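**Q** structure, please.
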Amino acid sequence: MEERHRIDTAALEKYLGFKIEIIEQFRGGQSNPTYKINNKYVLRRKPPGKLLPSAHAVDREYKVISALHKVGFPVARPHVLCEDESVIGTAFYVMDFVAGRVLWDPSLPGMTREQRAAIWDEQNRVIALLHTIDFQKIGLTDFGKPGNYIARQVERWSKQYRASETQRIEAMDGLIDWLPKNIPPEAGTSVVHGDFRLDNTIFHPTEPRILAVLDWELSTLGDPLADFAYHCMSWHIPPDKFRGIAGLDLAQLGIPGEAEYVKKYCERTRRNFIDPSHWDFYLAYNLFRIAAICQGIAKRVLDGTAASSFAQEAASKTVPLAALGWKMVEKIHGGRLSGRAA
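**A** Okay, the predicted model is just below:
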């Protein structure tokens, strides 16, 4: 356990009402420190220290997984939310520990072609399932503001980026200027995860089946295609940039191509098609967004509040991800843009 994230076990025992025999911090969770208790429960908390506005919303995580668990969507069973910071210093919640596989590398080394195909198809199934759940029927009508999702997100992440800016990145300046002027018509409203990727899921120990989707901090009501495009950034990011599969021999690996994957999602969500220019916008937007997130991590590294030993690596991705986002804008405009660079 990292010293700055150490928990007062006695105070936690008193609050939860049972003896804590083992508590250990997970290596992931760069945003909100996460702990395993007695190999049975998981505690997720806000990090200590000065935080960016609206970040680290463990209360929102608890609300959405509570609603989704009731309708059988794969999330860990939630138990309690504590917003009283006097207990362990920050707000936290407790949920079940789900035993299974966390797969970090999207190329899925060591698996057969058939196993990789099944893993990717299961991710597709689960994100499509999320986007077809009626948020009103499960009590999440007030979980976000329907409409203008992209505009609000661009504004939010632009502010978050500026608040954590440590150097000038021309590609980010270009994206902040271009994105709000080129937003396509909204594709609808659903619960969006905000960070749906392979390593935010727990797979069954032996089956290609997701037992739980993790890390709901960025979830809200929004445009499902923006959420799905974030998930699909893997096809546009090289492995050395940020856990991507761009440039790999996907056919040899048994991983579907992006077009095939998008088609399957459309079938599952009963969507006829996705306008290619709109899709490229969603990708540019998401590359900007993840670059802004990485910049926030970079700032926390400098401030000493980053919650993971992997934070420094994530922080180094801001510039290359911003550059990829701006290249997507140039693609939309046929390479006619100039004056902005990484």
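**Q** mean pLDDT per helix and strand in the chain: which one sits at the bottom?
**A** When the helices and strands of the chain are scored by mean pLDDT, DSSP states H and E, helix 311-315 comes last with a mean of 64.
**Q** beyond that helix, next helix or strand please.
**A** helix 318-332 (DSSP states H and E).
**Q** where does pLDDT dip in the chain?
**A** Within the chain, the ranges that satisfy pLDDT under 70 run 28-30, 49-56, 305-315, 335-342.
**Q** can you pull out the helices in it?
**A** 9-16, 58-70, 113-132, 149-164, 170-178, 224-231, 239-242, 250-253, 258-268, 276-303, 311-315, 318-332 (DSSP state H).
**Q** what comes up buried for stretch 195-207?
**A** Buried residues in stretch 195-207, counting neighbours by 16 or more other Cβ atoms under 10 Å, are found at 195-198, 200-203. Quick note: C-beta positions are derived from backbone N, CA and C, even for glycine.
**Q** dump that stretch to CSV, restricted to CA.
**A** The C-alpha trace of stretch 195-207 is given here as CSV (Å, rounded to 0.1, in the frame of the first residue of the first chain):
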residue,chain,number,x,y,z
ASP,A,195,-13.8,4.7,-20.1
PHE,A,196,-14.9,1.4,-21.6
ARG,A,197,-11.7,-0.6,-22.5
LEU,A,198,-10.4,-4.1,-22.0
ASP,A,199,-8.5,-3.5,-18.7
ASN,A,200,-11.6,-2.0,-17.1
THR,A,201,-13.4,-5.3,-17.3
ILE,A,202,-13.1,-8.5,-15.4
PHE,A,203,-13.4,-11.7,-17.4
HIS,A,204,-14.5,-15.1,-16.2
PRO,A,205,-11.3,-17.2,-15.2
THR,A,206,-11.8,-19.5,-18.1
GLU,A,207,-14.7,-18.3,-20.3
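**Q** run through who's touching it.
**A** Residues outside stretch 195-207 that contact it (Cβ atoms under 8 Å, 6 or more residues apart in numbering): 28, 98-104, 106, 119, 122-123, 126-127, 130, 193, 209-215, 217-218, 227, 230-231, 234, 243.
**Q** same check on stretch 232-248?
**A** Applying Cβ under 8 Å, 6+ apart, the contact partners of stretch 232-248 are 104-107, 197-199, 255, 257-258, 261-262, 283, 286-287, 290, 294, 314, 317, 320-321, 324, 328.
**Q** what do you get if the cut-off is 6 Å, keeping everything else the same?
**A** Residues outside stretch 232-248 that contact it (Cβ atoms under 6 Å, 6 or more residues apart in numbering): 106-107, 258, 286, 317, 320.
**Q** endpoints of that stretch, how far apart?
**A** 15 Å (Cα to Cα, to the nearest Å).
**Q** repeat that for stretch 259-277.
**A** Using Cα to Cα, one end of stretch 259-277 lies 14 Å from the other.
**Q** same question, stretch 261-276
**A** First-to-last residue span, stretch 261-276, Cα to Cα: 14 Å.
**Q** pull the distance from that stretch to the chain's centre.
**A** In this view, stretch 261-276 has its centroid 21 Å away from the chain centroid, taken as Cα atoms, centre = their mean, to the nearest Å.
**Q** for that stretch, buried residues please.
**A** By 16+ other Cβ under 10 Å, the buried positions in stretch 261-276 come out as 261-266, 268-269, 271, 274.
**Q** same question for stretch 207-218.
**A** 208-218.
**Q** what's the answer for stretch 86-101, then?
**A** By neighbour count on 16+ other Cβ under 10 Å, the buried set for stretch 86-101 is 87-95, 97-98, 100.
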